[in-house]
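S.K.: attaching a predicted model along with its sequence, questions to come.
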Amino acid sequence: MGEIERGLVVLLGIAGDDQLTDADYLADKIADLRIFDDSEGKMNLSVRDVAGALLVVSQFTLYGDVRRGLRPSWIHAAAPENAGPLYEYFVANCRKKVVQVATGSFRSMMQVELVDDGPVTILLDSRKLF
């Protein structure tokens, strides 16, 4: 599957009511998010600025809801027949913005390995709830 060097790992959760506009918002935001250090060590550069790459992995489990009980519910995650095309649309959109975009395999069990430089983990939500 996909592999990158310097860049961002994007774990993409798709909600049942997500639309193309949500994918557009996230692709734009991720491509321009200023989280790489500049020459003074300040987070001021985007993945595009550093000629970095994206590794996009579909991750429906991000919508695991455990507010009730101990077993997660994924009722808010998009069904695979809806999530698949939106995932592919998102990846295609990212490829217009970032030089290298690698992917996981949609609806497959994968082992994702990463070296986190920071660590920096950012949550993005197209609904801007956080």
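M.R.: Nice, I can see it. Numbers count the residues shown, from 1 in each chain.

S.K.: could I get the buried residue list for stretch 73-88?
M.R.: 77-78, 83, 86-87 (16 or more other CB atoms under 10 Å). For every residue, glycine as well, the C-beta is placed using N, CA and C.

S.K.: with distance to Ala53, secondary structure and pLDDT added, can I get those in JSON lines?
M.R.: Output for those, formatted as JSON lines (distance: CB to CB, whole Å; DSSP: H, G, I helix; E, B strand; the rest coil; pLDDT from 0 to 100):
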{"residue": "Ala77", "distance to Ala53": "26", "secondary structure": "strand", "pLDDT": "92"}
{"residue": "Ala78", "distance to Ala53": "25", "secondary structure": "coil", "pLDDT": "94"}
{"residue": "Ala83", "distance to Ala53": "23", "secondary structure": "helix", "pLDDT": "94"}
{"residue": "Leu86", "distance to Ala53": "21", "secondary structure": "helix", "pLDDT": "97"}
{"residue": "Tyr87", "distance to Ala53": "18", "secondary structure": "helix", "pLDDT": "96"}
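
S.K.: show me the helices in this structure, by range?
M.R.: Counting by DSSP state H, the chain has helices at residues 20-32, 80-95.

S.K.: got these as a markdown table, with distance to Val120 columns?
M.R.: As requested, the helices of the chain are arranged in a markdown table below (distance: least, CB to CB, whole Å):
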| stretch | distance to Val120 |
| --- | --- |
| helix 20-32 | 13 |
| helix 80-95 | 19 |
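
S.K.: among those helices, which comes closest to Gly41?
M.R.: helix 20-32 (20.1 Å; CB to CB).

S.K.: which strands and helices sit next to the closest one?
M.R.: Helix 20-32 sits against strand 7-12, helix 80-95, with contacts defined as 3 or more CB pairs under 8 Å, 6 or more residues apart in numbering; DSSP states H and E.

S.K.: what does the last one contact?
M.R.: Spelled out, that is helix 80-95. 10, 12, 14, 16, 18, 20, 22-24, 26-27, 30-31, 54, 56, 58, 60, 77-78, 101, 103, 106-107 (CB atoms under 8 Å, 6 or more residues apart in numbering).

S.K.: and if you look at stretch 13-28?
M.R.: The contact list for stretch 13-28 (CB under 8 Å, 6+ apart) reads 12, 58-63, 75-79, 82-83, 86-87, 89-90, 93-94, 96-97, 124, 126-127.
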